[in-house]
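Visitor: how would this look folded up:
(chains A and B)
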Amino acid sequence: GAGVSQSPRYKVAKRGQDVALRCDPISGHVSLFWYQQALGQGPEFLTYFQNEAQLDKSGLPSDRFFAERPEGSVSTLKIQRTQQEDSAVYLCASSLGPRLQETQYFGPGTRLLVL
Amino acid sequence: AQSVTQPDIHITVSEGASLELRCNYSYGATPYLFWYVQSPGQGLQLLLKYFSGDTLVQGIKGFEAEFKRSQSSFNLRKPSVHWSDAAEYFCAVMEYGNKLVFGAGTILRVKS
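Guide: Next up is the predicted model:
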């Protein structure tokens, strides 16, 4: 596939469960971003990787959120002890290089519902 | 911190009519500005972007946007809307560190 893919597309979790969301960026893309989109809102930045290095995690809402990209390709966003306020669409984006002008290409998102 | 305001939550236009979606930003330096479109169940697709140079930017699907520094605006326009343009549109500014700051979005409805 040529685009960014995410799995699962939908996830229902009971409050207190741990979840893991996967992102496969476009092959060769150095930069990878995670965004959270609450219902009726625009996406909000969570974290940014350049290769395997997590350069910015300022948007992670709490220490229950953890992201990794160990080999500089696939990334996983993990949410521990999910809460109802974590319900949102989680979007992953990748860009070719680290330069400021690089276009970010978005995946379809994972819709998380916490009951 | 930068912010983006999209004053219109919903806009309804007739098919074939012209469209303008408003976007205002706050940023100290020359901004990098983007318009994305999101259809239901789909990811965000880039329509166009402005980095520098000509302030009128052409994008895909017949869209264009004009950067006006004096008004801190980057409004999106299309001369003739098609039913397939119904979607949600997001304006965004790129912050230092490559993160995008998005507006709340404008939902476009097209009536036939």
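
Visitor: hey, let's count contacts and neighbours off CA atoms from now on
Guide: Will do.

Visitor: burial count for the closest residue to chain B within chain A?
Guide: Nearest residue of chain A to chain B, counting by CA to the nearest CA: A:P108, 3.9 Å away. Counted with other CA atoms under 10 Å in any protein chain shown, residues neighbouring A:P108 total 24.

Visitor: quick one: contacts for it?
Guide: A:P108 makes contact with A:4-6, A:9, A:91, B:41-44 under the criterion CA atoms under 8 Å, 6 or more residues apart in numbering or on different chains.

Visitor: Counting only strands, which of these make the cut?
Guide: Those of the contacts of A:P108 mapping onto strands are A:5-6, A:91, B:44, per DSSP state E.

Visitor: Scan the residues you listed and report the most crowded one.
Guide: Going by other CA under 10 Å, A:L91 tops the ones in strands among the contacts of A:P108 with 27 neighbours.

Visitor: State the distance from B:S80 to B:A17.
Guide: 5 Å (CA to CA, to the nearest Å).

Visitor: Same check on B:K61?
Guide: Distance, B:K61 to B:A17, using CA to CA: 15 Å.

Visitor: Now do the contacts for the residue in chain B that chain A sits nearest to.
Guide: Residue nearest to chain A within chain B: B:G43 (3.9 Å; CA to the nearest CA). By CA under 8 Å, 6+ apart, B:G43 lies in contact with A:91, A:106-109.

Visitor: and these, which two are the farthest apart?
Guide: A:F106 and A:G109 (8.0 Å; CA to CA).

Visitor: between the two, what contacts are shared?
Guide: Taking CA under 8 Å, 6+ apart as the contact rule, A:F106 and A:G109 both touch A:91-92, B:43.

Visitor: for those, which one is nearest A:Q41?
Guide: A:L91 (12.9 Å).

Visitor: Roughly how far does the closest one sit from A:S5?
Guide: Taking CA to CA as the measure, A:L91 falls 10 Å from A:S5.

Visitor: shared neighbours of these two, anything?
Guide: Contact criterion CA under 8 Å, 6+ apart; residues bridging A:L91 and A:S5 by contacting each: A:107-108.

Visitor: So in terms of bridging, what pairs with the nearest residue to B:K99 once chain neighbours are set aside?
Guide: In space, and not counting its chain neighbours, B:K99 is closest to A:F45: 6.5 Å by CA to CA, 6 or more residues apart in numbering or on different chains. Beta-bridge pairing of A:F45 under DSSP bridges involves A:Y35.

Visitor: Just the element for the closest residue to B:L21 other than its chain neighbours, please.
Guide: Leaving aside its sequence neighbours, B:L21 sits nearest to B:L76 (CA to CA, 6+ apart; 5.0 Å). In this assignment (DSSP states H and E), B:L76 forms part of strand B:73-78.

Visitor: Report all helices and strands that that strand contacts.
Guide: Other elements packing on strand B:73-78 under the criterion 3 or more CA pairs under 8 Å, 6 or more residues apart in numbering or on different chains; DSSP states H and E are strand B:19-21, strand B:24-26, strand B:64-68.

Visitor: Out of these, which is closest to B:T12?
Guide: Of all the helices and strands packed on strand B:73-78, strand B:19-21 sits nearest to B:T12, with 9.3 Å by CA to CA.

Visitor: now what about the closest one, what contacts it?
Guide: Contacts to strand B:19-21, defined as CA under 8 Å, 6+ apart, come from residues B:6, B:8, B:13, B:75-81, B:106.
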